[in-house]
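**Q** Fold the following and give me the result.
(2 chains)
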Amino acid sequence: MKLSGSQIVVERLLAHGITTVFGYPGGAILPLYDELYKNSDKLNHILTAHEQGAVHAADGWARACGETGVVIATSGPGATNLVTGIANAYLDSIPLIAITGNVAVSMLGRDSFQEVDIVGITQPIVKHNFMVRDVAMLEDTLNQAFSIANSGRRGPVLVDIPKSVQTDICEYRNKTPLPAKKTYCTFDAGQVSSAIKNCKRPYIYAGGGVISSNAEPELGVLSERLSAPVGFSMMGLTALPDEYKLNLGMAGMHGKLAATAVKAECDVLIALGVRFSDRATGNATEYGEGKLIIHVDIDHAEIGKNVPPHMYVNGDVKDVLTQLLPLLPAMRNDEWLARIDELKLKGKTEYASSGFTPRNIIETVRGFCGADTVVATDVGQHQMWVTLHYKFQKPRTLLTSGGLGAMGYGLGAAIGGSIARGRQRSVLFTGDGSFGMNLTELATAVSQKLPILIVILNNNALGLPRQWQGVFFEKRYSQSTLNRKTDFVALAKAFGAEGYLAEDLTRLEYALNNLPDRKPTVIDCRIGMDERVLPMIPPGGSVKDIIVK
Amino acid sequence: MDRFTVELIVSNHYGVLNRITGLYARRGYNIDSLYVNETENPEKSRMLITSKGSEYIQTQMVHQIRKLHDVQKVILMTQINR
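**A** Next up, the predicted model:
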């Protein structure tokens, strides 16, 4: 069967089970958009307001449903607008295919209109990228792209397709999709299990690798079996329900006191699918003192990169735990459990449940959400407050920019998350700074009739820089006070969304009781400028340096 | 600092050298010597890259290079103290 390059792209997407793509058209990708038009009954294209919104949406979609996200953009500025989103997916190991148009092959390398070397630009932030110069290579290339994005540690792959390749014709062979390469893991499970059995104070540190390999049930069994508390990196946060007695929440710089303190006191640290990021680890040299570190990760380069382990297993977390669990007996150390309770109690802070504080706002919104509600965040104080105070119950319900910390991620992600869950209500917690970065995507949420709830924790400042300036720069608040006069209620209405202003919990509850079903709602919550994220460990510090008030 | 050489078998394709040297550049390691040649199989090239770095750096480089799609084989060859 002879097909054009554009037809091949559509056929390959369908062959890989893709039904939703996000993107934005432009000159060099028009032949592909013509095919999308003809196939709109099979392939749903979500048009965003900006390519960055599209790539964040594809990423949020992938996180919420665990499948590969696809984003399409044109050459030049369309392609460069994807860069932040691709880096975001790379640092959080999210499977993503970015398809960009480029100028015709004969025009490449001449600084043609809207020509950039996007393969060169994205090289350090993709698992792999391709420039397809010959249509005969297109089918195989796309097949490989999907396989690479999902093999081993997942991540983004970019495929750059010149306009002439989109229109060139060749024989389409309709090959079977290449499966993701399986990581076979053989290790001495007996050795690992006896090391664990010899320890008295176990602690499990779980990360994004647990979510990525769908190992949440195995993690739960492991924790119960060993009576081991679980602390999370931000990427692992939703793996166990909040109410589970041994769930200590997030550890690290802005993590819960108990999660960080218990980790410091354990004698065996079982690290599952984590990379010991500096935000989660702090002082890497003090980190391992007096404990046996067992590191399980699918990416061999992560073993010993930040923290040297005493024992490691290079493999998929689910696969490793499945082999390990049969060898582990039930263990219980009442002294250790009592110490954990003690530290949990120490970490509990007194707070008034009536004030219009970030915590009360988040808990009030939580009361209006179900266990399945997808929650997206932007980056900054509000993000930390959500990770500290929102009670997550199910995996893949938190969409947040972990490794890159990209402000402006949230709205796109909330759009992708809502679409991934059958266009149900998703919630975005954002700040006035972050929301300002990509708020044009309100237009997308309106045109798609998505009932997204956007809660702005508006402190008229860039809160996290401000908090740091307060602690480390003697209160010199350089460029972190916003002094904007944005009327977010009017802005929401101008976009065709609903808008409410809330200055107390009653007004917030009123707004939450009146959410429209087929359009987004913005609630502008005015909070104090000096609200801080606590606890806080200074960069490179350890639990000894923790600031709690 | 130890001098170390990495031998690679890679796809004989434009841009591959760039991907590999990019990994060195990103971490700030100078390449002291670089050799690239097509092998008896014209689809593959052999590279020899000599650089300086601690044992930690050497292992990291090997692991990071191994993750590249265009790289089929990585051997950490020589470790000569200097």
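**Q** Could you point out the bridge partners of the nearest residue to residue B:71 once chain neighbours are set aside in the sheet?
**A** Once flanking residues are discounted, residue B:71 sits nearest to residue B:10: 5.2 Å by C-beta to C-beta, 6 or more residues apart in numbering or on different chains. Where C-beta positions appear, they are placed from N, C-alpha and C, glycine not excepted. Beta-bridge pairing for residue B:10 (DSSP bridges): residue B:45, residue B:71.
**Q** tally of neighbours for residue B:10?
**A** Neighbour count of residue B:10, defined by other C-beta atoms under 10 Å in any protein chain shown: 23.
**Q** Kindly confirm whether my reading is correct that residue A:99 touches residue A:156.
**A** No. Look at residue A:99 against residue A:156 with C-beta atoms under 8 Å: they stay out of range, at 11.4 Å.
**Q** Between those two, which is the more surrounded one?
**A** Each of residue A:99 and residue A:156 has its neighbours counted (other C-beta under 10 Å); residue A:156 has more, 35 against 25.
**Q** how about the more buried one, phi and psi?
**A** Backbone torsions for residue A:156, taken as degrees, to the nearest 10, come to phi -80, psi 150.
**Q** Distance-wise, check residue A:305 relative to residue B:47.
**A** Taking C-beta to C-beta, to the nearest Å as the measure, residue A:305 falls 23 Å from residue B:47.
**Q** Give me the neighbour count for the closest residue to residue A:14 other than its chain neighbours.
**A** Counting by C-beta to C-beta, 6+ apart, the nearest residue to residue A:14 once its immediate chain neighbours are dropped is residue A:42, at 6.0 Å. As a burial measure, residue A:42 scores 12 neighbours (other C-beta under 10 Å).
**Q** do the same with residue A:443
**A** Residue A:443, neighbours per other C-beta under 10 Å, totals 18.
**Q** And for residue A:95?
**A** Neighbour number of residue A:95 under other C-beta under 10 Å is 26.
**Q** ok, now which ones touch it?
**A** A:62, A:67-69, A:89, A:149-150, A:154-156 (C-beta atoms under 8 Å, 6 or more residues apart in numbering or on different chains).
**Q** buried set for stretch A:209-220?
**A** Buried residues in stretch A:209-220, defined by neighbour count with 16 or more other C-beta atoms under 10 Å in any protein chain shown: A:209-213, A:215-216, A:218-220.
**Q** And the pLDDT at residue A:543?
**A** Residue A:543 is assigned 86 on the pLDDT scale.
**Q** right, and it touches residue A:262 too?
**A** No. Residue A:543 lies out of contact with residue A:262 (C-beta under 8 Å); the separation is 9.4 Å.
**Q** Between the two, tell me which one has more neighbours.
**A** For residue A:543 and residue A:262, the more surrounded residue by other C-beta under 10 Å is residue A:262, and the numbers stand at 27 against 21.
**Q** So the more buried one, which state does it fall into?
**A** The three-state assignment at residue A:262 reads helix, by DSSP: H, G, I helix; E, B strand; the rest coil.
**Q** Quick check: residue A:522 is in a strand.
**A** Yes. Counting by three-state DSSP, residue A:522 is located in a strand.
**Q** Pull up the gap between it and residue A:435, please.
**A** 8 Å.
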